[in-house]
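Asks: The sequence and its predicted three-dimensional model are supplied below.
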Amino acid sequence: MRYYFCLVAFLLSTSSIASALLDVKPSNKTQFLALIKDKQGDYKTKEGSDAVCQSASFSLIKDPTQGFSLGTLIDFSDLHNGTQVKKIPNFCVVSSKLKYFVDGIVRTKRYFRCDNEDDNGSTTEDLRFKDNGNITYTLSKPNVSCVFEKQ
């Protein structure tokens with residue numbers, strides 16, 4: 001009997017932890033596009049001094065399935081599912097991996113040069129929508145961090 005009580009207690013605690021984790025669960029492209037439709041508008045830079053951190057308009061690009069931009073320097077056009085590999089001049093391979101979340105998106109780009117292996121690398125962009133109407137944006141290389149406030 002004691003064993004069953006412990007088992008039930010363990011299952012209840014595990015399910016409450018799992019429920020808490022569901023708040024940050026990944027989403028899919030369709031859910032994400034519905035989210036960004038509500039976030040469109042003008043944003044003012046609240047934090048960040050890099051050129052990327054310019055006050056700008058957040059808008060969908062052409063068709064809702066093609067992506068969005070925040071000004072001219074933050075561009076998430078060509079949204080896709082999973083990993084996409086492209087051949088770009090002067091590179092052997094450039095891959096782009098997108099992960100959609102209920103509050104944002106993360107894009108990881110890996111690039112490989114055919115003629116200079118020392119120039120291979122990767123960058124990660126993270127754009128998140130906050131409950132207070134702000135958008136945070138971080139870029140790993142170069143190291144950039146911005147906070148935008150909806151106007």
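Replies: All right, it came through fine. Numbering: from 1, shown residues only.
Asks: okay, and the helix or strand of this protein with the least pLDDT?
Replies: helix 2-21 (a mean of 44; mean pLDDT, DSSP states H and E).
Asks: Would you indicate which residues of the following helix or strand past that helix are buried?
Replies: On the C-terminal side of helix 2-21, the closest following helix or strand by DSSP states H and E is helix 29-39. For helix 29-39, the buried set under the neighbour-count rule, 16 or more other Cβ atoms under 10 Å, comprises Phe32, Leu33, Leu35, Ile36, Lys39. C-betas here are computed from N, CA, C, even on glycine.
Asks: Kindly report the same for stretch 48-60.
Replies: Under the neighbour-count criterion of 16+ other Cβ under 10 Å, stretch 48-60 has Gly48, Val52, Cys53, Gln54, Ala56, Phe58, Leu60 buried.
Asks: Helix or strand for the residue nearest in space to the middle of the chain, just tell me which one.
Replies: Of all residues in the chain, the one closest to the mean position by Cα atoms, centre = their mean is Ile105, 2.0 Å from it. Secondary-structure element containing Ile105, defined by DSSP H and E: strand 104-112.
Asks: Which residues does the helix or strand following that strand contact?
Replies: For strand 104-112, the following helix or strand on the C-terminal side (DSSP H and E) is strand 121-129. Judged by Cβ atoms under 8 Å, 6 or more residues apart in numbering, the contacts made with strand 121-129 from elsewhere in the structure are 35, 39, 70, 74, 76, 101, 103-111, 135-141.
Asks: Got a ChimeraX select line for the buried ones in these?
Replies: Those of the contacts of strand 121-129 that count as buried under 16+ other Cβ under 10 Å are selected in ChimeraX with:
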select :35,39,70,74,76,101,103,104,105,106,107,108,110,111,135,136,137,138,139
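Asks: hmm, back to that, packing partners for the strand holding Ile105?
Replies: Helices and strands in packing contact with strand 104-112 are listed as strand 93-101, strand 121-129; criterion 3 or more Cβ pairs under 8 Å, 6 or more residues apart in numbering; DSSP states H and E.
Asks: Kind regards, and thank you for your time.
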